[in-house]
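Engineer: Got a predicted structure plus its sequence, pasted below:
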Amino acid sequence: MKVLCVEDNSTHSRMIDLMLAATGVEVDFVRNGEEAVEAYQTDEYDAILMDIQMPVKSGIEATREIRQIEEGFHLSHCPILLVTSHDDEDHINEGHAAGGDAILKKPFTSEGLLGALDRVLIGANRMGLHSVLNANQISFR
């Protein structure tokens, strides 16, 4: 399983890397929405973990652009888990309207991240993270 993580904060990136390391999930990291769109166009991902607020191009803009690419080229839906520290309902609604599959609020635990990632994968009719972990005999609970 391969995940694209879009996060401009190096501390948060490192934390996510540590949380996913034990799962065997391959993770590519980019630092803004523009790099996310470029990575999406050049590689295949099972899911995208996208920070909402970033420089250059926001996670909302990048999500919207990825959904337009999927529609324009008739590509399968790649689940996007949006990450934010905001509780503002408008902010969350904007993420869903752009095409985000779910919102994960910071701060989060390993269990919270893995559970949210599992739910967006299953919601997109993909093999859930639990299935991958079970196949590799790994548990995160």
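Structural biologist: Looks like it arrived, so ask away. Numbering: from 1, shown residues only.
Engineer: May I have the secondary structure class of the spatially most central residue of the chain?
Structural biologist: With distances taken as C-alpha atoms, centre = their mean, Leu49 lies nearest the centre of the chain, 1.6 Å away. Classification of Leu49 using DSSP: H, G, I helix; E, B strand; the rest coil returns strand.
Engineer: who are the neighbours in contact with it?
Structural biologist: 3-7, 16, 81, 83, 104, 113, 117 (C-beta atoms under 8 Å, 6 or more residues apart in numbering). All C-beta spots, glycine's among them, are computed from the backbone N, C-alpha and C.
Engineer: Export those to JSON lines and append columns for distance to Leu75, secondary structure and neighbour count.
Structural biologist: Shown next, in JSON lines, are the contacts of Leu49 (distance: C-beta to C-beta, whole Å; DSSP: H, G, I helix; E, B strand; the rest coil; neighbours: other C-beta atoms under 10 Å):
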{"residue": "Val3", "distance to Leu75": "17", "secondary structure": "strand", "neighbour count": "22"}
{"residue": "Leu4", "distance to Leu75": "14", "secondary structure": "strand", "neighbour count": "24"}
{"residue": "Cys5", "distance to Leu75": "20", "secondary structure": "strand", "neighbour count": "25"}
{"residue": "Val6", "distance to Leu75": "18", "secondary structure": "strand", "neighbour count": "30"}
{"residue": "Glu7", "distance to Leu75": "24", "secondary structure": "coil", "neighbour count": "23"}
{"residue": "Ile16", "distance to Leu75": "25", "secondary structure": "helix", "neighbour count": "22"}
{"residue": "Leu81", "distance to Leu75": "18", "secondary structure": "strand", "neighbour count": "21"}
{"residue": "Val83", "distance to Leu75": "23", "secondary structure": "strand", "neighbour count": "25"}
{"residue": "Leu104", "distance to Leu75": "24", "secondary structure": "strand", "neighbour count": "20"}
{"residue": "Leu113", "distance to Leu75": "25", "secondary structure": "helix", "neighbour count": "21"}
{"residue": "Leu117", "distance to Leu75": "20", "secondary structure": "helix", "neighbour count": "26"}
